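1. Have a look; sequence and predicted model below, questions after that.
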Amino acid sequence: MTYPATLAEALIQSDVLFDRDQLNQAICRIAADIDAALEGERALYLTVMHGALIFAGELALEIKTDIEFDYVHATRYRGATTGSELHWLREPQCDMKGRTVLLVDDILDEGHTLKAIRENCLARGASRVLIVTLCTKIHDRRTPGIQADFNGVDLPDRYVYGFGMDYKEQGRNLPAIYAFK
Ligand SMILES: O=P(O)(O)OC[C@H]1O[C@H](OP(=O)(O)OP(=O)(O)O)[C@H](O)[C@@H]1O
Ligand SMILES: Nc1nc2[nH]cnc2c(=O)[nH]1
């Protein structure tokens with residue numbers, strides 16, 4: 001498929017898959033499940049920039065248990081619609097030895113990004129890494145051994161954007177998830 005250059009053209013060729021109310025409901029459900037899983041433990045809340053920025057902020061406000069914030073910046077799409085090798089732009093700074101890490105990202109697609117970051121956290125001594133995603137794309141290209149512990153919504157196998165996810169670095173602040181038709 002040929003993808004257009006501008007966000008305006010992209011929107012004409014796209015559907016809304018999940019609107020803000022639907023995503024907020026999913027976020028509240030995830031927050032309650034995380035509170036139950038933490039049983040009061042103060043976890044490290046590790047946001048994967050840039051895509052997870054909006055989801056992580058909304059979710060953090062719904063989690064009742066106190067959490068410590070850190071972030072990583074790792075990208076493998078770099079504004080493109082297909083992924084390549086993972087580039088680390090910022091590694092975690094907090095000491096995660098013996099701690100639960102909530103690894104928070106917008107989308108689980110092929111899984112290379114989250115698999116590499118999870119391995120990095122375990123190598124730094126995290127006791128467990130719980131993967132938290134707003135959405136998971138359903139297809140058979142997932143790298144083995146990776147799945148979300150907490151996930152908001154399932155997506156068809158289409159390129160998506162909005163709610164933090166970019167279309168050629170545009171559209172991250174759209175308050176819904178859009179997909180090309
Ligand atoms: O499961 P995968 O196929 O590895 O893809 C998922 C990753 O792709 C996106 O990041 P991207 O590299 O686009 O960087 P961004 O967060 O800055 O948009 C998204 O935020 C995930 O981190
Ligand atoms: N914006 C965006 N980023 C992704 N990263 C992996 N898959 C996707 C996708 O469908 N959309």
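-> Nice, thanks for sending it over. Ligands and ions are numbered 1, 2, ... in the order given.

2. Now for the closest residue to ligand 1 within the chain: which residues touch it?
-> In the chain, the residue found nearest to ligand 1 is Gly51; the distance is 2.7 Å by Cβ to the nearest ligand atom. For glycine as for every other residue, the C-beta is placed from the backbone atoms N, C-alpha and C. Going by Cβ atoms under 8 Å, 6 or more residues apart in numbering, Gly51 touches Asp105, Asp106, Ile107, Gly164, Met165, Asp166, Arg172.

3. Counting neighbours, what do you get for the fifth one?
-> Using other Cβ atoms under 10 Å, the number of residues around Met165 comes to 23.

4. thinking again about what came up before, quick check on the residue of the chain closest to ligand 1: phi, psi?
-> Dihedral pair for Gly51: phi -60, psi -30, per degrees, to the nearest 10.

5. ok, now Thr136?
-> Backbone torsions of Thr136, given as degrees, to the nearest 10, read phi -130, psi 130.

6. pretty sure it contacts Asp106?
-> No. Counting by Cβ atoms under 8 Å, Asp106 is not a contact partner of Thr136; they are 10.5 Å apart.

7. more neighbours, those two?
-> For Thr136 versus Asp106, the count of surrounding residues by other Cβ under 10 Å is larger for Asp106: 26 against 19.

8. what helix or strand is the residue nearest to Ile63 when sequence neighbours are not counted on?
-> Closest residue in space to Ile63, ignoring its immediate chain neighbours: Ala31 at 4.8 Å, by Cβ to Cβ, 6 or more residues apart in numbering. Following DSSP states H and E, one finds Ala31 within helix 20-38.

9. in its sheet, what does the helix or strand just after that helix sit against?
-> Remark: after helix 20-38, the chain's next helix or strand is strand 44-49, criterion DSSP H and E. Strand 44-49 has its sheet partners listed here by DSSP bridges as strand 68-75 (parallel), strand 100-108 (parallel).

10. got the buried residues for the longest one?
-> For strand 100-108, burial by neighbour count (16 or more other Cβ atoms under 10 Å) applies to Thr100, Val101, Leu102, Leu103, Val104, Asp105, Asp106, Ile107, Leu108.

11. Return the residues in contact with the fifth one.
-> Val104 sits next to Tyr45, Leu46, Thr47, Val48, Ala52, Phe55, Ala56, Leu59, Val132, Thr133 when contact means Cβ under 8 Å, 6+ apart.

12. what number of residues lie near the residue nearest to the first one when sequence neighbours are not counted?
-> Setting aside the residues directly before and after it, Tyr45 is nearest to Ile67 in space (Cβ to Cβ, 6+ apart), at 4.2 Å. Residues contacting Ile67 under the criterion other Cβ under 10 Å number 20.

13. Please report the distance of Ile67 from Leu86.
-> 25 Å (Cβ to Cβ, to the nearest Å).

14. just checking, Asn151 touches Ile138?
-> No. Using Cβ under 8 Å as the test, Asn151 is too far from Ile138 to be in contact (10.8 Å).
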